[in-house]
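Colleague: no sequence on this one, just coordinates:
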Ligand SMILES: [Mg+2]
């Protein structure tokens, strides 16, 4: 992942010379890490993009979409489809105005048909736009949170696409919020560097974990300094009651326990199920139902109060967030760094939340989502809302070792990144090992699987030959369907 040794192009003429993509998958399904009521066997994956330039300064822009396995084929293809919009563009121009890349990508009329501004194409746009911000921050020599926090409010407003949200949030109001956020920001940057930003942990709560593992990890979370943990729920009510009881017993009355249904329920079921867990005092119920059901979330919120409603990790764009806020459908807004159209759209969403006075508690975990989203919350604290009250960033202790600048936690807080960029870059050796299907891990794994399949075929052929009845007495085709029985793994982790 080093820069080319070719002679440097004068900075003003430097161009983006390559947009490289990688399909990177980690075999997390084998440990049930990340298992929840909707996703029993995720292989945490990144559709990863690297922007290379001929500036000769060694800087590259890295970004990615997070997926959970086979969807990565589609996600990488979507990023590849955006290449013509970025290749050959002036590095100085795109870094001075990442919003111009955002506009070019969402404005491609033939690709826009696949959305607009939602789903696979929009996530691909987010990956590319975030890679531009990573490059811009590296060239400025600042971590992204600091670049944003020190930027002029007028420039930040120029980075936001107000189309479809201006009925609720005007550029003038955004400017007012950002100017107010600037007051005292230097002192808050100092406090951030000193204390970090509060986090909460989901590590104890995966649905596939035993009660013993849940209890052990919940104890560990409290001794690590976390003041909130989260449990996955929604597969079986009696299991959830037992697990919530175990978790509450482990952490005591003063630690917040959030619960997360990962969209499992209909609206009425969400209300009944959450109320059935009320005795354990859940702090919020997360993703109770479809992320597209704005009015459904509002109904759930009315039905489960004082338990709060949180959502956002699958909310597709700023327009749906606008409506969730208008409908008073959520108490806690969960941005995701890699779901929407990148930093520019997340600026719009942070501004919408600030305008409504709703706290933002980002979704993270996955592959690299903690690394990315910490920058957005830190900017929000330093130079927008000015507070961390009732705000926590999700933390999951998986896969950080694959990043060049992994998140650092201390006393349940994210320490402020000091290294320039968006913390998006993975280690070259991790990319080489886990690129699918030709990276060293997957090549060996697929070869072993193929060998096992051949051995199984040889064995069953041998058994058939040994048992082969005289012609006319039973046939191969009568026995074969039995081999399919019991192979449906779905729900095993739940
Ligand atoms: Mg969640």
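Modeller: Yep, it's here. These numbers come from a predicted model, not from an experiment.
Colleague: wait, is residue 122 part of a strand?
Modeller: No. Read with DSSP: H, G, I helix; E, B strand; the rest coil, residue 122 is helix and lies in no strand.
Colleague: what does this structure have sitting close to the ion?
Modeller: 260, 286 (CB under 5 Å from the ion). In short, each C-beta sits where N, CA and C put it, glycine included.
Colleague: Domains of the chain: list them as residue ranges, please.
Modeller: What automatic domain parsing lists as the domains of the chain is 11-143, 171-433.
Colleague: could I get these as JSON lines with mean neighbour count and mean pLDDT?
Modeller: Converted to JSON lines, the domains of the chain look like this (neighbours: other CB atoms under 10 Å; pLDDT from 0 to 100):
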{"stretch": "domain 11-143", "mean neighbour count": "20", "mean pLDDT": "94"}
{"stretch": "domain 171-433", "mean neighbour count": "21", "mean pLDDT": "97"}
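Colleague: and the residue of the protein nearest the ion?
Modeller: Nearest residue of the chain to the ion (CB to the ion) works out as residue 260 at 4.4 Å.
Colleague: Name whatever forms a beta bridge with the nearest residue to that residue once chain neighbours are set aside.
Modeller: Distances taken as CB to CB, 6 or more residues apart in numbering place residue 286 nearest to residue 260, at 3.9 Å, with adjacent residues excluded. According to DSSP bridges, the partner residues bridging residue 286 are residue 260, residue 310.
Colleague: Helices of the stretch 251-400 of the chain, residue ranges please.
Modeller: Taking DSSP state H, counting those that start in this stretch to define them, one finds helices in the stretch 251-400 of the chain at 267-276, 294-304, 318-326, 343-356, 369-383.
Colleague: Strands of the stretch 301-450 of the chain, start to end?
Modeller: Along the stretch 301-450 of the chain, counting by DSSP state E, counting those that start in this stretch, strands occupy 308-311, 332-333, 393-395, 409-410, 413-414.
Colleague: now what about the second one, what contacts it?
Modeller: I take that to be strand 332-333. Identification of contacts with strand 332-333 by CB atoms under 8 Å, 6 or more residues apart in numbering yields 284, 308-312, 321, 324-325, 349, 353, 358-361, 390.
Colleague: Surely the residue of the chain closest to the ion touches residue 288?
Modeller: No. The pair residue 260 / residue 288 is not scored as a contact, 9.2 Å apart, by CB atoms under 8 Å.
Colleague: What helices and strands are in contact with whichever strand or helix holds residue 94?
Modeller: In this assignment (DSSP states H and E), residue 94 forms part of helix 91-96. Using 3 or more CB pairs under 8 Å, 6 or more residues apart in numbering; DSSP states H and E, the elements in contact with helix 91-96 are helix 98-106, helix 119-140.
Colleague: Please identify the buried residues of the top helix by length along the chain?
Modeller: Longest helix in the chain, counting residues (DSSP state H): helix 440-467. By 16 or more other CB atoms under 10 Å, the buried positions in helix 440-467 come out as 441-442.
Colleague: who touches the most centrally placed residue in the chain in this structure?
Modeller: Central residue of the chain (CA atoms, centre = their mean): residue 369, 4.5 Å from the mean position. By CB under 8 Å, 6+ apart, residue 369 lies in contact with 66, 336-338, 363.
Colleague: In space, what's closest to residue 197 - neighbours in sequence excluded?
Modeller: Nearest one to residue 197, counting by CB to CB, 6+ apart, is residue 414 at 4.7 Å.
Colleague: So the one you found is in contact with residue 395, correct?
Modeller: Yes. With contacts counted by CB under 8 Å, residue 414 reaches residue 395, the gap being 7.2 Å.
Colleague: Name the residues contacting each of the two.
Modeller: Counting by CB under 8 Å, 6+ apart, the common neighbours of residue 414 and residue 395 are 199, 370, 407.
Colleague: tell me the phi and psi of the last one?
Modeller: With angles defined as degrees, to the nearest 10, residue 407 sits at phi -60, psi 150.
Colleague: what do you get for the first one?
Modeller: Geometry field for residue 199 lists phi and psi as phi -120, psi 170, criterion degrees, to the nearest 10.
Colleague: isn't it right next to residue 409, touching?
Modeller: Yes. Contact between residue 199 and residue 409 holds when scored by CB under 8 Å: they sit 6.5 Å apart.
Colleague: intersection of neighbour lists for those two?
Modeller: Counting by CB under 8 Å, 6+ apart, the shared contacts of residue 199 and residue 409 are residue 395.
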